[in-house]
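> Structural data only, the sequence is not supplied:
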């Protein structure tokens, strides 16, 4: 009996071991096929591979690949499922909450964004990005005082944090604290990170201070750096209209439309300028073009731009 029992037990153990080896092999095939397909931009097949792989094994890295893929596809809501699972399975990894905060920002769920950023702060009180993200949420919720405080903490931890300086400066400008806004704009420009945005902020502050020539110089410099910067064209055109330099405004909008023929705001601003010049027919034509382009653009923006989605989200390098 002892020998038979031993043999039976041995065969059973071998069977279990073989099943485990087979399951591991199937998991590896699915995971690495998914990675290869993802790199080849075969997103649908890669997604199926990752989803089947995690049915076989609760693998943190595979959840990360799946989340990154869904973000890049623009399925931000879908990406929350693997991301929340990652945070639950590894609750002490700060970057899980940083990533979730970024995704919630893109979903415009600013309360959830603030909550995840606060969890990151709790785990790592010296992480500047956590304060920046919570400040970004506060800024979106129009809590200017809280936003400034959080951005200031992020900058205290990382003096050259251009994004935090930029948003703090914009918030100061919104509150009418022009000197503080100007100081932050100058710091952004000096850092050479976010240079165009820093110049746009600097120009806006100079406009608010009625230093029109300096504002014009800032906007023109942005266009020298990036001839496709739509915000610089708009700022410059509005500045010219306010200064009654209507023909300059029209010329600037002509340049903007030449660079981007579907730039609806440029048509709208040119319509306003033409109306001031007494060109009613030209103004009406531009106003119609602006309305049509805006309507077409609103339909397109229902689909999330993957490039914009992944700008601040690199899950696989967490």
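Arrived safely, thanks for sending. Keep in mind that this is a model prediction, so the values were computed, not measured.
> Would you mind confirming that residue 170 makes contact with residue 181?
Yes - judged on Cβ atoms under 8 Å, residue 170 makes contact with residue 181 at a distance of 7.4 Å. The C-beta positions use only the backbone N, C-alpha and C, and glycine is treated the same way.
> Tell me the pLDDT of residue 23.
On pLDDT, residue 23 comes in at 81.
> what's the helix or strand for it?
If you go by DSSP states H and E, residue 23 is part of helix 2-39.
> Quick check on residue 158: phi, psi?
Here the main-chain torsion angles of residue 158 (degrees, to the nearest 10) amount to phi -140, psi 100.
> so what's it up against?
128, 164 (Cβ atoms under 8 Å, 6 or more residues apart in numbering).
> Return the per-residue confidence for it.
pLDDT at residue 158 comes out at 96.
> Show me the domain layout of this protein.
14-90, 91-158 (automatic domain parsing).
> sorry, back to before: overlap of the contact sets of residue 170 and residue 181?
Joint contacts of residue 170 and residue 181 (Cβ under 8 Å, 6+ apart) are residue 201.
> in the stretch 201-318 of the chain, what spans have low per-residue confidence?
Scanning the stretch 201-318 of the chain with the threshold set as pLDDT under 70 gives 298-318.
> Where do the helices of it begin and end?
Using DSSP state H, counting those that start in this stretch, the helices assigned to the stretch 201-318 of the chain run over residues 212-225, 230-242, 246-259, 264-276, 280-300, 306-309.
> can you put the ones you listed in a markdown table and add mean neighbour count and distance to residue 35?
A markdown table is the format used below for the helices of the stretch 201-318 of the chain (neighbours: other Cβ atoms under 10 Å; distance: least, Cβ to Cβ, whole Å):
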| stretch | mean neighbour count | distance to residue 35 |
| --- | --- | --- |
| helix 212-225 | 18 | 37 |
| helix 230-242 | 20 | 37 |
| helix 246-259 | 19 | 39 |
| helix 264-276 | 22 | 41 |
| helix 280-300 | 14 | 31 |
| helix 306-309 | 13 | 18 |
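> Can you say which of those is nearest to residue 74?
Distance to residue 74, taken as Cβ to Cβ, is lowest for helix 306-309 among those, at 5.2 Å.
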